[in-house]
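Enquirer: Pasting a predicted model and its sequence here:
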Amino acid sequence: TRSTRPQRLLGAVQKNATRGDPGSVIQAIDHYCRNKEWAMNVGDEKGCILDSVVSEVNPATVLELGTYCGYSTVRIARLLPPHAKLITLEFNPAVAAIARQVIAWAGLEDKVQLVEGASGDFIPRIKEQFGVKTFDLVFLDHWKEYYLPDTKLMEECGLLRKGSVLLADNVVCPGAPDYLEYVRSSPRYESRYFKSHLEYTKVEDGLEKSVFLG
Ligand SMILES: O=C(NCCCCCn1ccnc1)c1cc(-c2ccc(F)cc2)cc(O)c1O
Ligand SMILES: [Mg+2]
């Protein structure tokens, strides 16, 4: 039977990237998705904005909602200080299996904990199961209609502290209008929009960076 898009993306990594070299994994995925087959990675243009936010926050604890094939997981993990931890959540087991192999090819498995499941079930269990008090950085890149309910859930579960940074992908395309309205109007957030483009296209998209004020 025909392979899946994530399987073909993994093949491109194994063919063109060097084991243990995260930069070559990022390059291999971007080249494949720009020239052969589009895929919903954050991509190189928005990826540079992601890099700058990760470097600025220099987080000890990171939560990523929406792993997909692990492209942004690798982008974030490669910039983390030695004992920092990234927990990434993927809903689809078949996709999670591909992501594990991409993360391993980059040699970053020691910094990353990939969890399979639904965010609504997972978020309330994080403190107890993963020994995390609060997250310094959260990257939202899962189902766009879940950005708002999951942000409220993280607040309620005490996973955000004064200064925690939320960075949300796709706030224009596909869009997360209720989330944008919330973080931009709430007195508990300081929000800023980084205008960019939908990965590998000329369509407008962007990242919204929101600092939780406590
Ligand atoms: O839907 C997206 N991501 C979520 C995928 C499933 C998450 C599963 N999950 C993980 C944890 N909990 C749930 C997404 C879509 C697009 C896009 C843009 C234009 C277009 F024409 C088609 C698609 C671009 C992205 O950058 C995206 O991120
Ligand atoms: Mg995205």
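Expert: Great, that's in hand. Ligands and ions are numbered 1, 2, ... in the order given.

Enquirer: Show me which positions of stretch 16-31 end up buried.
Expert: Under the neighbour-count criterion of 16 or more other C-beta atoms under 10 Å, stretch 16-31 has 17, 22, 24-30 buried. For every residue, glycine as well, the C-beta is placed using N, CA and C.

Enquirer: next one: stretch 41-54
Expert: The neighbour-count check on stretch 41-54 (16+ other C-beta under 10 Å) flags 41-47, 49-51, 53-54 as buried.

Enquirer: Now that stretch: average pLDDT?
Expert: Taken as a whole, stretch 41-54 has an average pLDDT of 99.

Enquirer: Just the residues contacting that stretch, thanks.
Expert: Residues outside stretch 41-54 that contact it (C-beta atoms under 8 Å, 6 or more residues apart in numbering) are 26, 29-30, 33, 62, 68-69, 71-72, 75-76, 79-80, 137, 139, 141, 165, 167, 169, 194, 196-200, 205-207, 209.

Enquirer: Any residue of it touching ligand 2?
Expert: No. Counting by C-beta under 5 Å from the ion, no contacts exist between stretch 41-54 and ligand 2, the nearest distance being 5.5 Å.

Enquirer: Tabulate the CA atom coordinates of that stretch in CSV.
Expert: Written as CSV, here are the backbone C-alpha positions of stretch 41-54 (Å, rounded to 0.1, in the frame of the first residue of the first chain):
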residue,chain,number,x,y,z
ASN,A,41,5.9,21.9,9.5
VAL,A,42,6.3,25.4,10.9
GLY,A,43,8.9,25.8,8.2
ASP,A,44,12.1,27.8,7.7
GLU,A,45,10.7,31.4,7.7
LYS,A,46,8.5,31.1,10.8
GLY,A,47,11.1,28.7,12.2
CYS,A,48,13.6,31.5,12.4
ILE,A,49,11.1,33.5,14.5
LEU,A,50,10.6,30.4,16.7
ASP,A,51,14.4,30.2,17.1
SER,A,52,14.7,33.8,18.2
VAL,A,53,11.9,33.4,20.8
VAL,A,54,13.5,30.1,22.1
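
Enquirer: is any part of the host helix or strand of Arg100 close to ligand 1?
Expert: Element membership for Arg100 (DSSP states H and E) is helix 93-105. No. For a cut-off given as C-beta under 6 Å from any ligand atom, helix 93-105 has no contacts with ligand 1; the smallest distance is 7.7 Å.

Enquirer: in that helix, what counts as buried?
Expert: Neighbour-count burial for helix 93-105 flags 95-96, 98-103, 105 (criterion: 16+ other C-beta under 10 Å).
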